[in-house]
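Trainee: Let me see the structure of the following:
(4 chains)
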2 protein chains.
Amino acid sequence: MKGRINVSSDRRLGIESAENRGVLLDAAEQLMREEGYAAVTSRRVAAKAGLKPQLVHYYFRTMDDLFLELIRRGAEHMRVRLARALESSEPLRAVWEICSDSQITALTWEFMALANHRKSVRAEIARQGEEFRALHLQALARTLQESGVRLKGWPLPAVMFLMEAGARILVIEQSLGMSTGHAEMLAVAKKYQRLLERARKARKPKSSPAADAHRRRRSAA
Amino acid sequence: MKGRINVSSDRRLGIESAENRGVLLDAAEQLMREEGYAAVTSRRVAAKAGLKPQLVHYYFRTMDDLFLELIRRGAEHMRVRLARALESSEPLRAVWEICSDSQITALTWEFMALANHRKSVRAEIARQGEEFRALHLQALARTLQESGVRLKGWPLPAVMFLMEAGARILVIEQSLGMSTGHAEMLAVAKKYQRLLERARKARKPKSSPAADAHRRRRSAA
DNA sequence: GTCTATAATCAGATAGAC
DNA sequence: GTCTATCTGATTATAGAC
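Mentor: Residues are numbered from 1 along each chain as shown, chains lettered A, B, ... in the order given. Okay, the predicted model is just below:
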């Protein structure tokens, strides 16, 4: 965006296991959450990490590369959280909690804004977003099947989309100080989660995915 | 964010009616939509407007003031569009169209991201957002009342919130190249709009708000 | 009322020192 | 393998010329 253009130099880079690399990523992530992507400059990242600005370019070459690494690290973290949620006894509620996490939403928000005008970031964000959607859809389909409830007139992908969009916008607007419709939206979401998860528990009274997994692990041992 | 700090100087400013002022606002808006808020710098705005960078500071003093002016102008434009939508024979569909407008959404999106870390922008965006919500809710309430349909278990503010959030996220994700759940979401939204607006038309076959307004204007003359 | 010259600072990136 | 000195250009903002 500013300064010199990167013309694919063959300059050496710091190895991936270096401690300072992780320190710089942590600093960049915190900066991004607190002050937005525009605040993530080599100088400010380095200052927060207690290092020299040039080290950012030593470990990541360009700022774009730093952003991409940040997205990949964040997506990996999300995959772990989502996998835990899917094993929970209330997967819908658990996924809603993830989508409502203000820390995660703030970061995702910034990345989506950044993606609007950085091609490399856009591709990575879209890929990770679609992957998350697929897993969310799978969780919803399973819960619904296990509950025996049929939502006629409501295609599952639409329900998933609305819940994800609702949770995300809710958190974003809260952080901006807005509130119209928030309480009612939250009530609807909770009602929907309870409806499905109670029906599911009534059908599978003594088994939950977590318990199942635990049983499988024990029987395999 | 960079450069000197603004310490409430008493420097003179260009008058509001000056042509160059509008030219600069147009340039800033276009830049924001196309490349994001980070691209809105005095130099780039001036370059797009065919003027000198210093003129930005002459007409707006600080970049923050330029952003605030941009929000106010945009909100005024939205008020006009929404008022037209409320007079339409299909207000729900019309409001959905507004919320799905990719140009508007791109701008709103950037402003919300900017609001995350600029207090002055945050306050203005929240204010305008809440105002829009109130008008949207009013349109929905009227349509529902006129249709005679009762959505039991669905509080109006929640329905409004979901439709607005859905439309917005849909457009944003489309621009990023995502698509999971989009078709189903769109189908649900359209179905909901048709359901209410058909019931409404069946009840008020020969009268629409636009026609009513027209009648009132004529009888007053 | 309108615009320019200029200050002070911050940015990304690289070559080269340890 | 790790880090620093340094270059070039961008950015906000003000004082003062027309």
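
Trainee: Domain-wise, how is chain A divided?
Mentor: A:12-61, A:63-205 (automatic domain parsing).

Trainee: List the residues that contact residue A:34.
Mentor: Counting by CB atoms under 8 Å, 6 or more residues apart in numbering or on different chains, residue A:34 touches residue B:117. C-beta coordinates here come from the backbone N, C-alpha and C atoms, glycine included.

Trainee: Repeat that for the one 3 residues further on.
Mentor: Residue A:37 makes contact with A:67, A:110-111, A:113-114, B:38, B:113, according to CB under 8 Å, 6+ apart.

Trainee: Kindly report the same for residue A:163.
Mentor: A:92, A:95-96, A:99, A:189, A:192.

Trainee: What is the nearest of those residues to residue A:169?
Mentor: residue A:99 (10.2 Å; CB to CB).

Trainee: ok, residues contacting the helix or strand the closest one falls within?
Mentor: Using DSSP states H and E, the element containing residue A:99 is helix A:91-100. By CB under 8 Å, 6+ apart, the surrounding residues in contact with helix A:91-100 are A:78, A:81-82, A:84-86, A:88, A:104-105, A:136, A:139-140, A:142-143, A:163-164, A:167-168, A:170-171, A:189, A:192-193, A:196-197, A:209.

Trainee: Using ChimeraX, define a selection of the buried residues within those residues.
Mentor: In ChimeraX, a selection of the buried entries from the contacts of helix A:91-100 looks like this (16 or more other CB atoms under 10 Å in any protein chain shown):
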select /A:78,81,82,85,86,88,104,105,136,139,140,143,163,164,167,168,170,171,189,192,193,196,197,209
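
Trainee: follow-up on the earlier one: in the helix holding residue A:99, which residues are buried?
Mentor: Per 16+ other CB under 10 Å, helix A:91-100 contains these buried residues: A:91-96, A:98-100.

Trainee: and the gap between residue A:109 and DNA strand C?
Mentor: Remark: distance between residue A:109 and DNA strand C (CB to the nearest atom of the strand, to the nearest Å) = 20 Å.

Trainee: Spatially nearest residue to that residue (excluding sequence neighbours)?
Mentor: In this structure, residue A:109 finds its nearest non-sequential neighbour in residue A:172, 6.1 Å apart by CB to CB, 6 or more residues apart in numbering or on different chains.

Trainee: List the contacts of the one you found.
Mentor: Neighbours of residue A:172 in contact, by CB under 8 Å, 6+ apart: A:105, A:109, B:112.

Trainee: Of the contacts of residue A:37, which belong to helices?
Mentor: A:67, A:110-111, A:113-114, B:113 (DSSP state H).

Trainee: now these in CSV, with distance to residue B:55, pLDDT and neighbour count?
Mentor: Output for the ones in helices among the contacts of residue A:37, formatted as CSV (distance: CB to CB, whole Å; pLDDT from 0 to 100; neighbours: other CB atoms under 10 Å in any protein chain shown):
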residue, distance to residue B:55, pLDDT, neighbour count
A:67, 33, 96, 24
A:110, 31, 93, 25
A:111, 34, 95, 23
A:113, 28, 92, 24
A:114, 29, 93, 24
B:113, 26, 92, 24
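
Trainee: can you pull the pLDDT of residue A:125?
Mentor: Confidence at residue A:125, expressed as pLDDT, is 96.

Trainee: phi, psi of it?
Mentor: phi -60, psi -40 (degrees, to the nearest 10).

Trainee: That one: how many residues sit nearby?
Mentor: By other CB atoms under 10 Å in any protein chain shown, the residues close to residue A:125 number 26.

Trainee: mind listing what it touches?
Mentor: Residue A:125 makes contacts with A:71, A:111-112, A:115, B:176, as judged by CB under 8 Å, 6+ apart.

Trainee: pLDDT weak spots in chain A?
Mentor: Counting by pLDDT under 70, chain A contains low-confidence residues at A:1-10, A:12, A:205-221.

Trainee: switch the cut-off to 50
Mentor: A:1-8, A:218, A:220-221 (pLDDT under 50).

Trainee: Tell me which residue lies nearest the centroid of it.
Mentor: residue A:78 (4.8 Å; CA atoms, centre = their mean).

Trainee: which non-adjacent residue is nearest it?
Mentor: Here the residue nearest residue A:78, using CB to CB, 6+ apart, is residue A:132, at 6.3 Å.

Trainee: Now the one you found: which helix or strand?
Mentor: helix A:119-147.

Trainee: mind checking how far that helix is from the chain centre?
Mentor: Remark: helix A:119-147 is offset 10 Å from the chain centroid, using CA atoms, centre = their mean, to the nearest Å.

Trainee: same question, stretch A:110-124
Mentor: 15 Å.

Trainee: Let me have it in PDB, keeping just the CA atoms, if that works.
Mentor: Output of stretch A:110-124 as PDB, limited to C-alpha atoms (Å, rounded to 0.1, in the frame of the first residue of the first chain):
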ATOM      1  CA  GLU A 110     -11.300  -7.000  10.500                       C
ATOM      2  CA  PHE A 111     -10.100  -9.700   8.200                       C
ATOM      3  CA  MET A 112     -13.300  -9.500   6.100                       C
ATOM      4  CA  ALA A 113     -12.900  -5.700   5.800                       C
ATOM      5  CA  LEU A 114      -9.200  -6.200   4.800                       C
ATOM      6  CA  ALA A 115     -10.300  -8.900   2.300                       C
ATOM      7  CA  ASN A 116     -12.400  -6.300   0.500                       C
ATOM      8  CA  HIS A 117      -9.300  -4.800  -1.000                       C
ATOM      9  CA  ARG A 118      -6.500  -7.400  -0.700                       C
ATOM     10  CA  LYS A 119      -6.800 -10.200  -3.200                       C
ATOM     11  CA  SER A 120      -4.600 -12.600  -1.300                       C
ATOM     12  CA  VAL A 121      -6.500 -12.100   2.000                       C
ATOM     13  CA  ARG A 122      -9.900 -12.400   0.200                       C
ATOM     14  CA  ALA A 123      -9.100 -15.800  -1.200                       C
ATOM     15  CA  GLU A 124      -7.900 -17.100   2.200                       C
END
